[in-house]
Structures are given as structure tokens and as C-alpha cells.
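Visitor: only geometry, no sequence info:
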Ligand SMILES: NC(=O)c1ccc[n+]([C@@H]2O[C@H](COP(=O)([O-])OP(=O)(O)OC[C@H]3O[C@@H](n4cnc5c(N)ncnc54)[C@H](OP(=O)(O)O)[C@@H]3O)[C@@H](O)[C@H]2O)c1
Ligand SMILES: [Zn+2]
């Protein structure tokens with residue numbers, strides 16, 4: 001099969017021919033139709049993950065495809081069924097955390113495209129518990145970004161007690177940001193987009209934004225304050241120092257909700273959190289089934305740019321320079 005892999009830490013995305021992986025007893029083999037390119041794939045490329053990444057590694061954790069083989073212990077999944085795989089590649093199912101259903105706390109938790117080969121390929125294998133069924137209403141290319149970008153942003157918006165009518169700002173209008181924007185509007189929040197420049201303004205309004213702020217010319221914190229202060233700022237732009245500057249834009253009980261895997265420092269005077277009980281929190285992952293169903297119900301469809309597998313490196317570079325409107329998706333032709 002054709003696959004695009006990274007051969008060493010910091011290496012390039014390289015097109016190779018390799019053996020089609022065979023499923024173990026608790027795995028299925030998937031013939032891949034589409035895979036989204038998430039900024040999180042930079043973790044595989046640059047190797048900055050807790051624990052060493054074993055190279056070569058095929059990235060990609062927004063995968064849709066058809067089950068082409070099943071392992072001997074698989075009962076749930078059938079050959080021919082359309083399925084998806086997200087960031088979470090499985091867990092040990094044996095430790096205390098797994099027994100309690102707290103899979104994120106499993107010390108042996110696995111990540112697609114990091115611990116195991118992912119979706120920049122014609123085939124992959126995935127563990128039984130990591131797979132979701134894809135409803136027929138969804139197109140494969142459009143469904144792919146829902147499995148990480150969609151799941152994460154909907155999870156962040158639904159799990160912080162934000163009420164309809166409250167002010168929510170979305171920082172960064174990329175793969176995650178454009179879904180966060182659409183979900184926030186559907187959930188009834190007054191939605192402000194914070195993006196660098198004018199380039200994405202018209203598209204932001206088309207996707208339902210109530211207010212657009214160009215952070216290169218406006219002090220976003222001051223402008224949010226003028227609107228009464230944000231109940232939440234969903235931070236998808238991977239820039240710690242820019243996130244830090246937004247704290248003054250929070251209103252009463254306002255929360256900075258960090259989704260972006262920014263690694264630079266953010267500087268915040270602690271007193272800025274007082275008077276209004278403001279807080280800073282992080283959010284990871286979410287529920288794939290709920291996200292697929294909510295997206296069908298509310299007709300939230302990712303806006304995608306489609307690339308063939310062979311152009312994965314070009315698509316990745318375009319994503320890294322924030323030029324994609326709004327999610328690059330690899331479409332397999334075989
Ligand atoms: N927590 C989780 O579970 C989770 C899940 C998925 C992804 N992530 C992380 O979330 C972040 C966003 O992922 P994505 O796939 O949406 O990325 P993306 O498509 O590249 O979008 C990120 C957006 O942030 C802005 N941006 C990029 N670089 C910036 C910089 N240096 N300074 C300021 N703004 C910048 C750009 O928006 P504008 O052009 O509008 O300014 C860009 O479109 C990444 O850090 C990713 O690793 C976390
Ligand atoms: Zn992702």
C-alpha cells in the first residue's frame with residue numbers, strides 16, 4: 001500500500017510503499033477513504049510527546065474508511081461497515097482506571113498516529129474500542145474532521161456550563177476554530193471570532209459569526225470587555241503569549257479554555273483572575289458519537305480542502321501556515 005510516514009524525529013512526511021498491516025485478534029483492518037490533517041499531527045512530526053515515539057510512524061487521527069478484515073475476537077464490527085478512528089487509539093482494559101471507565105487516566109492509553117500508525121495511508125489497523133460507526137448521512141471526507149476537530153471543540157463548548165445567549169470568543173480560525181464557531185452559534189452563544197488579519201472575515205460571517213475581530217489591529221481583550229466580557233474564550237491558536245493577552249477580555253465567571261497545544265509561556269498577573277471569579281482551564285478530546293449526531297442534527301459540516309495522499313506534505317505545510325480554509329483532508333483514490 002501507499003503510506004506517508006515520518007522516518008525520524010523532525011523528519012519530513014515521506015511517501016513510501018509498505019505492507020498492508022494485518023489485524024491482531026482485537027483489531028480491525030480499515031481501507032481508508034479519508035483522513036483529516038490536524039495541527040496535532042505536528043506532535044508526530046516533531047516528536048514532542050510524553051514518552052518516545054517509535055519511528056517510522058504514519059500520522060493521522062481523523063480517519064474514515066471501510067472495515068476490510070476483522071481479528072478473531074472482533075464481534076462488534078463487520079467487513080464492509082463504514083467506521084472512523086480519532087485521537088484515542090485504545091486503552092489496556094485491565095487497569096483500575098479502565099475498570100472505572102476513566103480511559104484517559106489509563107497509563108497504557110494509546111494515541112492514533114503516535115503510539116500506532118494512523119490514517120495517512122491506504123490501510124490501517126485499529127483496536128476494537130477505538131472505533132466509531134459513521135452514520136450514512138455523512139460524507140466520508142466531511143465526516144473525517146469531526147473525529148478530532150469536531151469532537152474536541154463541541155466537548156469544550158458543552159462541558160463548561162455556558163448558557164445560551166452568553167458571549168463566547170473563538171481564538172484562531174483553523175480546523176478546530178471553524179467548527180467551534182459553528183457549534184457555538186448552534187448552541188445559542190453570542191459568538192466572536194478572533195483571527196489575525198482580514199482574510200478570513202467574510203468566511204467567518206458566512207459560518208455564522210456575530211462579531212469578527214482582527215487581532216492584528218484591535219486589542220481583543222478591550223473589545224471583548226466593551227461587549228460585556230466573555231463567558232468563555234476557546235483558545236485554538238497555538239500561541240501562549242497571545243492567549244495570555246486575552247485574560248482581560250473575560251467577564252463574570254469567565255473562563256479561558258485552552259485547547260491549543262501551545263508550548264511557549266503565557267504571562268498572566270494572578271490578580272487578573274480576581275473580581276469575577278475568572279479561571280483558566282484546559283480541554284482535551286470529547287465524544288465521537290455525540291459529535292457526529294450533533295453535527296447531523298444541526299447541519300454543521302466542516303469546510304474542507306481536499307488533497308490526494310501523495311500531496312500530504314504540501315497539505316500539512318499549508319495547514320501549518322494557517323492558509324487552509326479550514327481543514328485539509330486527504331482523500332484516498334484506491
Ligand atoms: N486539546 C485537544 O484535544 C486538541 C485536539 C486537536 C487539536 N489540538 C490542538 O489545537 C490547536 C489547533 O489545531 P488545528 O488543527 O485547528 O490547527 P490549525 O488548523 O492550524 O488552526 C490553528 C489556527 O490558529 C491560528 N494560529 C496558528 N498559528 C498561530 C500563531 N503562531 N499565533 C497565533 N495564532 C496562530 C490560525 O488562525 P488565524 O489565521 O485565524 O489567526 C490558525 O488557523 C493545535 O495546537 C492542536 O495541536 C488540541
Ligand atoms: Zn487532532
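Guide: Perfect, I can see it now. Keep in mind it's a predicted model, so treat the numbers as computed, not measured. Ligands and ions are numbered 1, 2, ... in the order given.

Visitor: Domains in the protein, by residue range?
Guide: Using automatic domain parsing, the domain parsing of the chain gives 2-146+287-331, 150-282.

Visitor: Now render these as CSV, adding mean pLDDT and distance to ligand 2.
Guide: Just so you know, the C-beta spots here come from the backbone N, C-alpha and C atoms, and that holds for glycine as well. Listed next are these as CSV, based on pLDDT from 0 to 100; distance: least, CB to the ion, whole Å:
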stretch, mean pLDDT, distance to ligand 2
domain 2-146+287-331, 95, 3
domain 150-282, 97, 7
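
Visitor: Save those as a markdown table, and put in mean neighbour count too.
Guide: Formatted as a markdown table, the domains of the chain follow (neighbours: other CB atoms under 10 Å):
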| stretch | mean neighbour count |
| --- | --- |
| domain 2-146+287-331 | 19 |
| domain 150-282 | 19 |
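
Visitor: Please convert the ones you listed to a markdown table, extending it with distance to ligand 1.
Guide: Below are the domains of the chain laid out as a markdown table (distance: least, CB to the nearest ligand atom, whole Å):
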| stretch | distance to ligand 1 |
| --- | --- |
| domain 2-146+287-331 | 3 |
| domain 150-282 | 2 |
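
Visitor: Which residues are in contact with the closest residue to ligand 2 within the stretch 51-200 of the chain?
Guide: Per CB to the ion, the residue of the stretch 51-200 of the chain with the smallest distance to ligand 2 is residue 148, at 3.2 Å. Residues near residue 148 by CB atoms under 8 Å, 6 or more residues apart in numbering: 36, 38, 40, 61, 62, 86, 87.

Visitor: Can I get those residues in CSV including secondary structure?
Guide: Formatted as CSV, these follow (DSSP: H, G, I helix; E, B strand; the rest coil):
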residue, secondary structure
36, strand
38, coil
40, helix
61, coil
62, coil
86, coil
87, coil
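
Visitor: Give me the contact list for stretch 324-334.
Guide: Here stretch 324-334 makes contact (CB under 8 Å, 6+ apart) with 2, 32-37, 60, 62, 65, 119-120, 122, 141, 144-145, 149, 173-175, 177-178, 200, 203, 302-309, 311-312, 315-316, 318-319.
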